[in-house]
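**Q** coordinates only, no sequence provided:
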């Protein structure tokens, strides 16, 4: 009997042929719009390909259909761990243990976070490709015997059945096409969804931002517009930095889960868009240091280009770290000091009294209810005093 596309994808997944697995899935997206197994398999395949943005998109889709699957929870937990969100990672591991109290991966994940859950240790784990030990297991590679993961998922697929959708339903995200993967049809909201814009009952302090229904709708439209609309007619440029900051307001507000889910999909698609990764020439909306300090959650995950000096360089477990003193462009006013983590040590020493310009991603951590900001360096330039020309260093 001829195999279905999902069965073929499961076959390739069990044999670690992840690209072939995704090809089978993506060529038949219209057949499996409401299939939990379809999205779970896609997420696991992307995870093993280190395509974390698309893995998250697949897992979010799977979670719409089922929230108590061990493989799904493990996959989402490791994504939160990778982003340094250890509190949510632990919660997902605890959810796994509620289902399977002897799950070794969940126990190892919790132990790692409690014993070594610092940003430096997580960065070292990522750099050494050590995260894979926390991935959902695939079982034995079945050259002769099918792996356990394949068998379980195939049983699920047979039990649940192939789910067809009516042709007039809106398209799901095209996870792997060029561009940022966003289409208007993906994010349209029904009239029923628009009736439930905000959470009616909440406790004081539960949300960082309290929005009205009209504010949620306006922000949502802005997020999509800024993420997708070409900037000044240039299709290679989008105001994704501004979209991300506006998305953070919704995600940390009293907006309904429907809006938060849609916004998170846009954020995930932006993260997955490697073709348009930010650089010095594509950051349209740069954020002032004072604004970030005064409203940290709004700028989590956004990119900034700041000028300053680096001090106290250290290497801890292979991670190069400096204290970044942020000044104005004339080096006359000090705005703040931040921990700056480098993806790799600079090719040329840049600490001391040298003036540098840093392109970095903002990372906000919350410990005991208090927010703090650190920076992850993406590129840097050394600036010559009183000159506008810069010497590019350490850019990929």
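**A** Arrived safely. The shown structure was predicted, so the numbers you read here are calculated from the model rather than taken from an experiment.
**Q** any idea whether the closest residue to residue 289 other than its chain neighbours is helix, strand or coil?
**A** What sits nearest to residue 289 in space, not counting adjacent residues and going by C-beta to C-beta, 6 or more residues apart in numbering, is residue 335, at 3.9 Å. Heads up, the C-betas are built off the backbone N, CA and C, glycines and all. Recorded secondary structure, residue 335: strand (DSSP: H, G, I helix; E, B strand; the rest coil).
**Q** contact partners for residue 364?
**A** Residues near residue 364 by C-beta atoms under 8 Å, 6 or more residues apart in numbering: 296-297, 299-300, 371-373.
**Q** can you tell me the element it falls in?
**A** strand 355-367 (DSSP states H and E).
**Q** related to what we said a few turns ago, looking at the contacts of residue 364, spot the one nearest residue 41.
**A** residue 300 (30.4 Å; C-beta to C-beta).
**Q** tell me the mean pLDDT for the helix or strand that residue 243 is a member of?
**A** Take DSSP H and E as the rule and residue 243 turns out to sit in helix 240-251. Mean pLDDT, helix 240-251: 95.
**Q** for the following helix or strand past that helix, name the packing helices and strands.
**A** Remark: after helix 240-251, the chain's next helix or strand is helix 257-272, criterion DSSP H and E. Using 3 or more C-beta pairs under 8 Å, 6 or more residues apart in numbering; DSSP states H and E, the elements in contact with helix 257-272 are helix 52-63, helix 213-228, helix 240-251.
**Q** angle of helix 257-272 against helix 52-63?
**A** Here helix 257-272 runs at an angle of 150 degrees relative to helix 52-63 (axes from the mean of the first three to the mean of the last three C-alpha atoms, to 10 degrees).
**Q** following helix 257-272, which helix or strand comes up?
**A** The helix or strand immediately downstream of helix 257-272 is helix 289-294, counting by DSSP H and E.
**Q** elements contacting that next one?
**A** Secondary elements touching helix 289-294 (3+ C-beta pairs under 8 Å, 6+ apart): strand 303-316, strand 334-342.
**Q** format those strands as JSON lines; extra columns: distance to residue 378, mean pLDDT and mean neighbour count.
**A** Formatted as JSON lines, these follow (distance: least, C-beta to C-beta, whole Å; pLDDT from 0 to 100; neighbours: other C-beta atoms under 10 Å):
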{"stretch": "strand 303-316", "distance to residue 378": "7", "mean pLDDT": "89", "mean neighbour count": "18"}
{"stretch": "strand 334-342", "distance to residue 378": "10", "mean pLDDT": "92", "mean neighbour count": "18"}
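**Q** wait, which of the ones you listed is closest to residue 60?
**A** By C-beta to C-beta (comparing all of the helices and strands packed on helix 289-294), the closest turns out to be strand 303-316, at 22.8 Å.
**Q** neighbouring strands - and their directions - for the closest one?
**A** The pairing partners recorded for strand 303-316 under DSSP bridges are strand 319-327 (antiparallel), strand 355-367 (antiparallel).
**Q** deepest-packed of those, please.
**A** strand 319-327 (a mean of 20; mean count of other C-beta atoms under 10 Å).
**Q** now it and strand 334-342, what's the angle there?
**A** Using the same axes, to 10 degrees, strand 319-327 lies at 160 degrees relative to strand 334-342.
**Q** circling back to that earlier point, make TSV from the helices and strands packed on helix 289-294 and add distance to residue 111 to it.
**A** Below are those laid out as TSV (distance: least, C-beta to C-beta, whole Å):
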stretch	distance to residue 111
strand 303-316	21
strand 334-342	24
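**Q** compute the number of surrounding residues for residue 212.
**A** Using other C-beta atoms under 10 Å, residue 212 has 11 other residues around it.
**Q** is it true that residue 6 touches residue 36?
**A** No - with contacts counted by C-beta atoms under 8 Å, residue 6 stays clear of residue 36, the gap being 10.9 Å.
**Q** residue 16: which of the helices and strands packed on helix 257-272 is closest?
**A** helix 52-63 (15.6 Å).
**Q** which SSE is immediately downstream of that closest one?
**A** helix 70-82.
**Q** tell me the mean pLDDT over the helix or strand just after that following helix?
**A** Going down the chain from helix 70-82, the next helix or strand is helix 86-99, by DSSP H and E. Averaged across helix 86-99, the pLDDT comes to 91.
**Q** all set, thanks.
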